[in-house]
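> coords below, sequence missing:
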């Protein structure tokens, strides 16, 4: 945890107490429940223009991106194709830091999109994005596209790719996908 995190959390919870009390007065059986969702996200959040453009750009560029991997026929959006994606990423990205190098940006953005699309197509996830106008947020969900399910389960594809690059084991992406339900 970051220094002072607990104090800031206590302060935020203290400010929420009047709202909780008001809600309980409206319905005495109501109880708050933890959803696992960030305060930065809501189910009814409007589509972000950056995300809309990014998704369209990635979908349009997928044929060229997949051809450039040399494994286009294996990238069929099936969960099993995560094994192929993992092999491609490890071959192209030798270390975690390389995921963030500008020279690899188009490849990494394509891998992020592909991974998230598998979650969207096979796990009912939706793409989300929270802008970071100052570029200073430490929240991992801010400034990155991520996928989220209705029950609050979510995944940040870039961090999933980092896990695959850092691991010596095969099947990291598929294993992590299997628990994303």
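That came through fine. Just so you know, these numbers come straight off a predicted model, no measurement behind them. Numbering: from 1, shown residues only.

> Can you show me the helices along this protein?
Counting by DSSP state H, the chain has helices at residues 5-26, 49-69, 81-92, 105-123, 157-166, 172-178.

> got these as TSV, with distance to residue 133, mean pLDDT and mean neighbour count columns?
Where you see a C-beta, it was placed from the backbone N, CA and C, and this is true even at glycine. As requested, the helices of the chain are arranged in TSV below (distance: least, Cβ to Cβ, whole Å; pLDDT from 0 to 100; neighbours: other Cβ atoms under 10 Å):
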stretch	distance to residue 133	mean pLDDT	mean neighbour count
helix 5-26	21	51	10
helix 49-69	11	97	14
helix 81-92	30	97	19
helix 105-123	20	97	20
helix 157-166	19	96	20
helix 172-178	30	93	18
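
> Kindly reformat these as JSON lines containing distance to residue 148.
Formatted as JSON lines, the entries for those read as follows, by distance: least, Cβ to Cβ, whole Å:
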{"stretch": "helix 5-26", "distance to residue 148": "21"}
{"stretch": "helix 49-69", "distance to residue 148": "12"}
{"stretch": "helix 81-92", "distance to residue 148": "19"}
{"stretch": "helix 105-123", "distance to residue 148": "9"}
{"stretch": "helix 157-166", "distance to residue 148": "12"}
{"stretch": "helix 172-178", "distance to residue 148": "15"}
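
> Out of those helices, the one nearest residue 147 is which?
helix 105-123 (4.5 Å; Cβ to Cβ).

> which strands and helices sit next to the closest one?
Helix 105-123 sits against helix 49-69, helix 81-92, strand 126-128, strand 146-148, helix 157-166, helix 172-178, with contacts defined as 3 or more Cβ pairs under 8 Å, 6 or more residues apart in numbering; DSSP states H and E.
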